[in-house]
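Chemist: Give me a 3D structure for the following:
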Amino acid sequence: MKQYKYVIGLEYCGSTYSGWQRQKHSQSIQQVVEKSLSFVANEPISLICAGRTDAGVHATGQIAHFETSSIRTARGWLLGSNSRLPQNIRILWIKPIDENFHARFSAVSRLYRYIIFNSPVSSGLFSDKSSWYRQPLSHKKMKQAAQNLLGEQDFSAFRGAGCQSKSSFRNVQMIEVLRKKDLVFIDIRANAFLYHMVRNIVGSLLEVGAERQPVDWLKQLLLKKDRNLAGATAPACGLYFIHAQYPECYNLPEQLRLPELY
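Modeler: Residues are numbered from 1 along each chain as shown. Got it, this is the predicted structure:
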């Protein structure tokens, strides 16, 4: 039976889920979305995503693909699936895609945003949408320190325990730190990321922003390649998977949705 391949764009709040990946004893994003798509397809659907997110991590532009023998219109897939999804998960778009497309391996880069609520008092509204840091932060020093991470380097110092990647080298193409009132945003784009890499980088940037470490500290951490010397892993609630970039030949929708909270 002929198989058709589709690609979807997803947005979700990860606060109440065990992460993207399917789990035996807890509910995951993947399980919930597969169930909704399977209902529309009237057959089991299995998803492969661009970047698996951990428990508590959010996404505004996750990309995933699936194969099916069912024929439905894009509108049918979209409306039918979203009608079966909880309010904190939404399929934003869906389209048929070339059989050579792979959500993970075809991606040339990924973009994450980390949001820090920097105030003496934590937020009652954004407690699960941002990470709270009570001490004053110098976002300018954080930005200066972050530039040491650009380019292809060994990121062993920011590699989480249990990382299964064969290589610790990654190419960071862009990293930006900006502030809007009480919110500090850290945007980072790379060809790929190690396990907990973004959250470990944020944890070290916080040490610089709080002026407990000098601006060139991250450069020293890269050279020493020792995770134990770097900052603590930042909480998952502040992290967002924003976007995965693919070759133009796939003609995917360009929907860059940056969360700002206010």
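
Chemist: could you pull out the helices for the stretch 1-150 of the chain?
Modeler: Secondary structure of the stretch 1-150 of the chain (DSSP state H, counting those that start in this stretch): helices located at 29-41, 74-82, 139-146.

Chemist: do the stretch 151-262 of the chain as well
Modeler: Under DSSP H, counting those that start in this stretch, the stretch 151-262 of the chain gives helices at 197-209, 217-224.

Chemist: which one of these is the most hemmed in?
Modeler: helix 197-209 (a mean of 25; mean count of other CB atoms under 10 Å). From N, CA and C alone the C-beta is placed, and that goes for glycine too.

Chemist: helices and strands around it, which ones?
Modeler: strand 109-118, helix 139-146, strand 183-190, helix 217-224 (3 or more CB pairs under 8 Å, 6 or more residues apart in numbering; DSSP states H and E).

Chemist: Verify the stated contact: F126 with F117.
Modeler: Yes - under the criterion of CB atoms under 8 Å, F126 makes contact with F117 at 5.8 Å.

Chemist: neighbour count winner among those two?
Modeler: F117 (23 against 19; other CB atoms under 10 Å).

Chemist: Quick check: closest non-adjacent residue to the more buried one.
Modeler: Closest residue to F117 apart from its sequence neighbours, by CB to CB, 6 or more residues apart in numbering: S130 at 4.3 Å.

Chemist: I'd like the distance between P120 and L205.
Modeler: 20 Å (CB to CB, to the nearest Å).

Chemist: Ok, S165 next?
Modeler: 22 Å.

Chemist: Look at P44 and say how many residues are nearby.
Modeler: P44: 11 neighbours (other CB under 10 Å).

Chemist: gap between the nearest residue to it once chain neighbours are set aside and R72?
Modeler: Ranked by CB to CB, 6+ apart and with sequence neighbours excluded, the top spatial neighbour of P44 is S38, at 5.4 Å. Distance of S38 to R72, given as CB to CB: 12 Å.

Chemist: ok, now A103?
Modeler: 19 Å.

Chemist: And R227, by the same measure?
Modeler: 46 Å.

Chemist: wouldn't Y12 be in contact with G19 here?
Modeler: No - using CB under 8 Å as the test, Y12 is too far from G19 to be in contact (10.8 Å).

Chemist: isn't T53 right up against Q62?
Modeler: Yes - with contact defined as CB under 8 Å, T53 counts as touching Q62 (7.3 Å).

Chemist: Between the two, which contacts overlap?
Modeler: Residues touching both T53 and Q62 by CB atoms under 8 Å, 6 or more residues apart in numbering: W20, F241.

Chemist: Compare the two and say which is more crowded by neighbours.
Modeler: Counted by other CB under 10 Å, T53 and Q62 do not tie: Q62 has more neighbours, with 29 against 24.

Chemist: and E248, which of the helices of the stretch 1-150 of the chain is closest to it?
Modeler: helix 74-82 (20.3 Å; CB to CB).

Chemist: Give me the residues contacting the closest one.
Modeler: Looking at what lies outside helix 74-82 - CB under 8 Å, 6+ apart - the contacts are 6, 8, 33, 36-37, 39-40, 72, 90-91, 93-96.

Chemist: Please pick the buried ones from these.
Modeler: Taking 16 or more other CB atoms under 10 Å as the criterion, what is buried in the contacts of helix 74-82 is Y6, I8, V33, S36, L37, V40, R72, R90, I91, I94.

Chemist: Pick out the most distant pair among those.
Modeler: Taking CB to CB, no two of those sit farther apart than R72 and R90, at 17.8 Å.

Chemist: residues touching the closest residue in space to Q164 that isn't next to it in sequence, list them.
Modeler: In space, and not counting its chain neighbours, Q164 is closest to Y195: 7.3 Å by CB to CB, 6+ apart. Contact analysis of Y195 by CB under 8 Å, 6+ apart lists R159, G160, G162, C163, Q164, S165.

Chemist: Need phi/psi at Y195.
Modeler: For Y195, the backbone dihedrals (degrees, to the nearest 10) come out as phi -60, psi 120.
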